[in-house]
Structure formats: structure tokens, C-alpha cells
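Peer 1: sequence first, then the predicted structure:
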Amino acid sequence: MTKLFLTLALAGFYCVAAPAAESNSVLIRNATIHPVTGPEVQNSSVLIIDGRIAEIGPKLVSRGAIRTVDARGLHLYPGLINAATNVGLVEIQAMRDTVDLDEVGLFNPELRAATVFNPSSEHVEVTRAAGITSVISLPGSGSRRASPAGGILITGQGALMHLDGWTWEEMAVKPGAVMDLLFPEVEPAPRQGSVAPRPGSPTPRPYKEEERQYQARLRELSEFFEQARRYQKAMVAGGADFRRDLRLEAMIPVLEGQQPLAMRAERERSIRDAVAFADKEKVKIIIADPREIGGTGPLLKERHIPVILGRAFQLPMRDDDPYDASYMLAAQFYRAGVKICFGTFDVQFARNVGFEAAQAAAFGLPREEALKALTINSAEILGVGDRLGSIEKGKFGDLILTDGDPLEARTNIRQMFIAGREVSLESRHTREYEKWTKRP
Amino acid sequence: MTRLCLIVLLLAATGWRAAAEALLIRNATVLTVTKGTIQDGSVLVENGKITAVGQNLSAPAGAVVVDAGGKFLMPGLIDCHSHTAIEGGVNEGTVSDSSMVNIEDVLDPMDINIYRALAGGLTVSNVLHGSANAIGGQTVVIKLRWGKTAQEMLLAGAKPGIKFALGENPKRQGYTPPAVLPLGRPAERRFPGTRMGVEDVIRQSFVEAKNYQADWQVYRQRVARGEHPVAPRKDLRLEPLVEVLEGKRYVHAHCYRSDEILMLIRVADEMGFKIRTLQHALEAYKVAREIAEHGASVSTFSDWWSYKIEAFDATPYNVAILTRKGVLVSVNSDSDELQRHLNLEAAKSMRYGGLSEAEALALVTINPAKQLGIDDKVGSIEVGKSADLALFEGHPLSNYSKALRVWIDGHEYFDRDKDLETRPDFERKKRALEDKDNGAQQRLPTRR
């Protein structure tokens, strides 16, 4: 009994400790467990030892000094994964000095988002308060006109980051998870953030000009891959005159199929061309932020090419598209047999990825698939299915305790564990709340 | 031309309106907003008005009956900050006080975003200018009567408003940092370039408005005395400001920081007018007391933050703090996209600060109605109010829910089933039009 009190007191203490209580072993008891990869289990427990899930079962007891969290009446889910964000690389969108996206130049595969991920960014705490335990941070904004030099194709390597840790190194789960590639686009869709396009935003060019530019970009892309292949051969050959080139060296994991290319392709045509490009180059790709499926479903299914969906909360691309075109998109890919996960491709709304998935569920995606698309699918698509994305033995103790479905805004995220460490759900936002509520 | 044809087609395809005299929606969970929730409830509509709300209502002869078993009926959503249906730009950016311009003159009833918003349950929008100028222009409240003319969309009896703007946006043209300078436009500097200048523009304009008002008062007094004075010169810029001073026009003020909110309150006190709504007001939670004392209300975002420095002290708990401190709050969209799911924006206030379901629903219905002075007409399901209703598949505060049918004044403006039914035919017609447009040319691959 004394021990129980002690553990409860400890639990209380750990709740307010920030940024992370350093113990990474914990026993969570009496929760309704949603493993995602298996059926929901009532009144069960999960034991995490040294950051990893050690045991799952109804009658687990704490070992030694491992503290116990009583989760009676609460639900235990794997932490959500936002598979595309700019968290850690952007603090205030409109202030360029706080933005580290869209480096100058067409090809920057050697750039690494992981090493500039600001562990003290306010967005880390704000994002995880919504139940998100890890994110992909991409080095590009997705804007095809971001560079005044006339475009970017490869923005660099996106990193899979835990939203807890003292340094970026501690936070990095997979630093080079994806290579961020903006596939060329004819007539890029207007970027539909929440704000209407401002006067002075580029006017559309004539089709012929767009087409010419598109073909030129495709050629440049092919040439760059060709160059990288030659470099790869030269490196293997190891001649005396071989000189190290960071840019080309960074392409080798891509060429070897180790690192997937996150190909941002919006329209049917660019998706088809991206797939054809992958076929030709024999590289592994993920289609990122598509705006329509068109007839590409079978193509993607056949090749097991997954998709990172962007925001469901977007306007349809064209005036005459169905009003719910963006809402339906996830279900369309799912029904075509394509593996999907969700991202927001931004920083401000990174925390809302769960609501994006729920919206997709309201428009045809089965609810359990929406949850999978935020957990196990993302993990598998990003090549960390053995470590993240479900409540299974051996995986990271990335868990959230909630009072309901984490995809519902009405639900509260009560506690969070990242690699077994309980992390605070406080943020700049809750601190302002507490401070100003007290103003007389 | 193609675009126009397509829009006309879309209007024809989607602009159905059952013109029933009487409509009974029954077996719904009725979320009245002001009078609680009625399980297995019914709402009777006659001649566009709600005439009965309760259980077991019977349909008058000839009434259209909608069986809404298992579904949720709520008042149509109201957006207190919209730029939808504005033709061309939203800012007359050449002067710091452009109070002479009026949204009513540039309403575009064929903006497809009207229909898209309807499809999310929205029925009323407060349509405002942008925030480039300290004093922006005259605003109107519309009902989303898709398929009708601009004039027919105006909400009759709604008090007109005027847009003010504080902070970064109105001062931007005073320093024009090259990074935000639109392509090809010369770097003009226009007063104001600071928050102090913004305050000054507003004070100066009101001093002029008061002089103008006094001139007319003198003129009218002299006329009343039987004299024949020369009338003061009519000033279309100052007239709306005089209306503000006389309480005939609402002030909707775009603002972010607490200092500028307080500044505007003090200017209003000095000049003798009331601020009706503080728009965005992401730091309103810091001056909740002063806002409540002035009698202003706040229309804010559910969770926007960090997009610019004046939005960095934002917290999604803003809504909860203000509500608890007695300020009337609504959650708005400011976006063609976000206006399509205001119910979900309201739901966030339950997570951020623990508002009740009723309080959350009020943020997008009765509260904005009160802010716009139209709560006697819309904003809740009550006898005597307009039958602006939205039927949701599940509870509208659930993220898994969606709008199925929407009525304005008892007329149906959106029906998801009908929308789905018309899609194949619409696609066919669209292709036919495109083929015609492309003529003998091969269809451009990117167009489809």
C-alpha cells in the first residue's frame, strides 16, 4: 500500500517535470489498450523497460523500482506520427530569419534537416501536446517557386524525430528517413494555406511555357541522377583521381534503394511521371502531398508505392471539382489498395494531423484505417515499422493516454511517453493560459 | 469562358431549392443551442420561419417531411469573418482610410466557395475587407443563398459594419520590406508604418468625422429654423464614420496584440464610439477585463498561431479564457477553406480550456449572431427565427461527422445525396464542354 502511494506520488511528480523525466521504464496498468496492429484489449497493462515495450498483458506487476501509472478509465494508444512537417525548422513563418527551408539551388541532397532541428522550438511542445510523439521534418516548404533562382528539385533529407530530447541527436529516430524531392509540375496548383493568395503572387504562365519548363526540369533531374550514378561507379572503382563530392555522395543511399524519395507530386500526370521516373532509375519512392488520384491507383498499388497525404482541409484544386475532393482523397487511395499515411507539410498545423485523418474518415476512410495511417502505416512507410507505430513488444514506448479517441478534438490527451520517458504536455500555450487566467 | 460555363452548369446542377411552404424535420437530435438538446426532436418550418420545436410534432397537410433519424440538427453555422464572394481584391490599399469602399458593391454570388461553405453547414457570413488599411471599408452580412443574386444574398435588417485593422498588416506599406513586396510593384511608402501611426490614422479620421457631423448638425438646425444655408460638402469617406459615432454601423477591428487592443478601446472611449468585435485578437486573453468593460466582443481563430510575430503569443485557450471572463466570443474562419468546418473549429475549444458542448456550439452560432446583431433572426433553433438549419450525420462537434443537408429560410440549398447523384452527369457535361473548348486539338493531358 505504501508502495502504491509512493508510486502515485512519483507519478504526480513526473507529470510536472520538464522537459523529460529521465526514467525510461514504467508500468501502465488498467488501460484500454489500442495496439493498432491487433484488437483493442480492456483492462490491460504495458510494461516499458529502458524505453522499449517489454511486456503487454492483463496482470503485469512492477519490477523493482519501476513506477506504476494507473490508467483506469483511460485509453492507451501508440503515439501519433505526423509523416510530413517542418517542425524544428520553422519558428515564425513570416520571419525569414526563423525559417530554414528551401535552400538555394536545384539539387541539395546533402542537406540534413536533422542537424538544424531546433530542440527548443516552441513547436515541439505544442505539437506533442496533441498526442504526436514523432514527426518527419522536411527541409522544403513544398513551394515550387520558393527559390528566386527558379526552382528547387531536391531540398534535402527529411528526418524522423522524436518530440522529446535535450538535443537533436537524442531526438533523431532516423535522421535521413526520406529524400525530399519536388517533382516538376505543369501548372502547379496554387498553394492553399489558410490565407488567400496575395496580390503579386505569380500569375500562371502560358501552357506551352509551363510544358517546356516541365520537360527541362525532368531532363535536369535525369541528368543529376545520371551524374550520381557515375559518381557511385567511380567511388566503387576507387581510382586514384577519385574526389569526394558531398552532393553526389548523398544520392548513393537513394540509388541503392536504401533511402526513399519523398516525391511531391500533385497531379495525376506528375504522379505518373514520378512513377515512370522511379521505374527508370530503380529507386524507392513515396508519393508525397498528392492533390488527386486520377487513374494512378493501380500503378501505385502494383509497385507498392505508398503515399503521404497532405492536408485534407484544403480547397479542391479546381473550381469544378466536387466540394469534398480533398476530403475524399485518402479514401480513394485506400480503396485503390495504396498504403497511406498523413502529414501536414507545415508547422503551424502539425498538431492537427489527427483531425485531418478524422476528416478523411468522415468521407469514406474506415476509422481504423485512419488511425493506422497515423501510426503503423507511417512507421512502415518510413522504414521504422520494427520500432514505432504500434503497441507491440520490442517497440519504443511511444504511448499516449487519452480519455477517448485521439482523433477527436473533444478528447484530451492526458499523459505521454516517448521512448518510455514521461514527457510534459505543457507548452507555451498552456503556460499563457495558466498565467493569464490568474490576472485579476 | 469555360469557367463561366462550368459555374453556370454547377449552379444549375446544385442550385436546387425545394420551395415548400411547410417543412417538418423529425426524429433528429435537435441541438437548439439556446434551449438545450431535444432527443427525437422535430422542427416545423412554415414560410421560412421555425414555427414549432419539440417532440411528436405532426406535419401540416402538404408539408415536406424529412426523417432525420439518428442525425443531428443544428442552427446554420455563422462566420463572423469571411472574405468569400468578394470579386477582385479585398484591399483598397492605396489609402490608409478607405472607409468609402463597400463590399456590397463587389459581392460575387457565383463564387464557388459559397457552395462549398454551404456544404459544411455554413449559412451566414460577415463579409469583410482585408487588413491592409487602418480603416478598411464597409462590410455586409450575407446569407449563402447559392444561386441567387448578390442583392438577394444580403441579410435584410443586419446592421452594416466597417473593417478596422491594427498591427502588422496596416503598417506594412509604411516600410515595405522587400521580402513581401509584390512582384513588379514599386516600393511605395504609405503612412502609417508603425502602430503609433495606425492609432493616429484612426484618431485623425474620427476627429474629421466629428467635425463633419457637427457641420451637418449646424446645417440641419439652420434648415429647421427656416434658413437656407449651403449644405456641407458630402464626404463618402466620413459618412460611414459618422454612422459609427451614431451607433448605426458596427466596428469590426482586426487586431493581434494586447497593447493595440487596449489602444483601440481607449481611442473609442475618447471619440465616443463602441467597438463591436475585435477580430482575430489572438492576445485578447491578456486584456479580457478591459474588453468586457468596453462591451466589445471577440471573434477569433480556434488555434492559429506562429505565422507571424504578432501571432506568436497566441494560445488556443484564448477562447476559454475570454469566455470565462465574460467576453462574448465567436470562432471564425477568415478562410475559404476553414469556413467549411466551423463546427470542428468550435470543437477544439473543448480540448483547449474545457468548454462544454453547449458553449462550443454557441461559438459558431448564437454568439456570432449576437456579435452581428442578428440573434433575433438566426443563431439558434427557436420558434420565430429563420429556418437556417444544418443536418449533420453525427454530432457536429465530432471530427467524424459531416453536414448532409442545409436549409436557409426553409429552402434547401444543400443536399449531399443530390450532390452525389448529379456528379456523373456533371462530369459528362464538363467533359463535353472541355472537348468543345479544345476543339480539334488533342486534350491537354494536364487538364484531366
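Peer 2: Cool, the structure landed. Residues are numbered from 1 along each chain as shown, chains lettered A, B, ... in the order given.
Peer 1: give me the pLDDT for residue 117.
Peer 2: You didn't pick a chain, so chain A it is. Here, the pLDDT recorded for A:Phe117 equals 98.
Peer 1: wait, chain B was what I had in mind.
Peer 2: Predicted confidence (pLDDT) for B:Ala117: 98.
Peer 1: and what of the one 5 residues further on?
Peer 2: Among the per-residue scores, B:Leu122 shows a pLDDT of 98.
Peer 1: partner residues bridging it?
Peer 2: B:Leu77 (DSSP bridges).
Peer 1: isn't it right up against B:Pro75?
Peer 2: No - the criterion here is Cβ atoms under 8 Å, and B:Leu122 misses it with B:Pro75 at 11.1 Å. In this view, the C-beta of every residue, glycine as well, is placed from N, C-alpha and C.
Peer 1: flag the shaky bits of chain A, pLDDT-wise.
Peer 2: Along chain A, the model assigns pLDDT under 70 to residues A:1-22, A:145-150, A:187-205.
Peer 1: okay, the residue sitting nearest the centre point of it and B:Trp216: tell me how far apart.
Peer 2: The centre of chain A sits closest to A:Ala83, judged by Cα atoms, centre = their mean, with a distance of 1.6 Å. Per Cβ to Cβ, to the nearest Å, A:Ala83 is found 63 Å from B:Trp216.
Peer 1: now do B:Ile86
Peer 2: Distance, B:Ile86 to B:Trp216, by Cβ to Cβ: 31 Å.
Peer 1: the longest helix in the chain is where?
Peer 2: Just so you know, I chose chain A. The longest helix of chain A (DSSP state H) is helix A:207-237.
Peer 1: oops, wrong one, chain B.
Peer 2: For chain B, the helix with the greatest residue count under DSSP H is helix B:195-224.
Peer 1: average pLDDT for that one?
Peer 2: Average pLDDT, helix B:195-224: 98.
Peer 1: gap between that helix and the chain center?
Peer 2: 29 Å (Cα atoms, centre = their mean, to the nearest Å).
Peer 1: buried sites along the next helix or strand after that helix?
Peer 2: Going down the chain from helix B:195-224, the next helix or strand is helix B:239-245, by DSSP states H and E. Within helix B:239-245, the residues that count as buried by 16 or more other Cβ atoms under 10 Å in any protein chain shown are B:Glu239, B:Pro240, B:Leu241, B:Val242, B:Glu243, B:Val244, B:Leu245.
Peer 1: how about the last one, nearest residue that isn't a chain neighbour?
Peer 2: If I follow you right, that is B:Leu245. Counting by Cβ to Cβ, 6 or more residues apart in numbering or on different chains, B:Leu245 lies nearest to B:Phe273, which is 5.3 Å off, once chain neighbours are set aside.
Peer 1: what's the local residue count around that neighbour?
Peer 2: 20 (other Cβ atoms under 10 Å in any protein chain shown).
Peer 1: and it, how far is that from B:Ala253?
Peer 2: B:Phe273 sits 11 Å away from B:Ala253, going by Cβ to Cβ.
Peer 1: all helices for the stretch 251-400 of chain B, in order.
Peer 2: B:258-271, B:288-294, B:318-324, B:342-351, B:357-362, B:366-371 (DSSP state H, counting those that start in this stretch).
Peer 1: got the ones you listed as CSV, with mean pLDDT, distance to chain A and mean neighbour count columns?
Peer 2: Shown next, in CSV, are the helices of the stretch 251-400 of chain B (pLDDT from 0 to 100; distance: least, Cβ to the nearest Cβ, whole Å; neighbours: other Cβ atoms under 10 Å in any protein chain shown):
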stretch, mean pLDDT, distance to chain A, mean neighbour count
helix B:258-271, 98, 9, 18
helix B:288-294, 98, 7, 18
helix B:318-324, 98, 6, 24
helix B:342-351, 98, 4, 26
helix B:357-362, 98, 8, 22
helix B:366-371, 98, 18, 26
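Peer 1: check the stretch 251-400 of chain A for the residue nearest chain B and tell me.
Peer 2: A:Ala358 (3.5 Å; Cβ to the nearest Cβ).
Peer 1: helix/strand/coil for that residue?
Peer 2: Under DSSP: H, G, I helix; E, B strand; the rest coil, A:Ala358 falls in the helix class.
Peer 1: swap in the one 10 residues further on?
Peer 2: Taking three-state DSSP as the rule, one finds A:Glu368 in the helix state.
Peer 1: if we can go back for a sec, pretty sure the residue nearest to B:Leu245 contacts B:Arg249?
Peer 2: No - applying Cβ under 8 Å as the test, B:Phe273 and B:Arg249 come out as separate, 9.2 Å apart.
Peer 1: didn't B:Val64 look like it was pressed against B:Ile25?
Peer 2: No - using Cβ under 8 Å as the test, B:Val64 is too far from B:Ile25 to be in contact (9.1 Å).
Peer 1: between those two, who's got more neighbours?
Peer 2: The residue with more neighbours, out of B:Val64 and B:Ile25 and counting by other Cβ under 10 Å, is B:Ile25; that gives 25 against 16.
Peer 1: ok but A:Ala274 is inside a helix, no?
Peer 2: Yes - according to three-state DSSP, the state of A:Ala274 is that of a helix.
Peer 1: surely it touches A:Ala262?
Peer 2: No - A:Ala274 lies out of contact with A:Ala262 (Cβ under 8 Å); the separation is 10.5 Å.
Peer 1: quick one: the residue lying closest to B:Asn113 once chain neighbours are set aside and B:Tyr307, what's the gap?
Peer 2: In space, and not counting its chain neighbours, B:Asn113 is closest to B:Asp336: 4.2 Å by Cβ to Cβ, 6+ apart. Distance, B:Asp336 to B:Tyr307, using Cβ to Cβ: 17 Å.
Peer 1: and for B:Gln138?
Peer 2: Here the criterion is Cβ to Cβ. By it, B:Gln138 lies 27 Å from B:Tyr307.
Peer 1: now A:Met251
Peer 2: 34 Å.
Peer 1: helix or strand next in line after the helix or strand bottoming out on mean pLDDT in chain B, which one?
Peer 2: Of all helical and strand segments in chain B, the minimum by mean pLDDT, DSSP states H and E falls on helix B:2-14, at a mean of 52. As assigned by DSSP H and E, the chain's next helix or strand after helix B:2-14 is strand B:22-31.
Peer 1: show me what that next one is packed up against.
Peer 2: Other helices and strands packing on strand B:22-31, by 3 or more Cβ pairs under 8 Å, 6 or more residues apart in numbering or on different chains; DSSP states H and E, are strand B:37-46, strand B:64-67, strand B:72-75, strand B:389-392.
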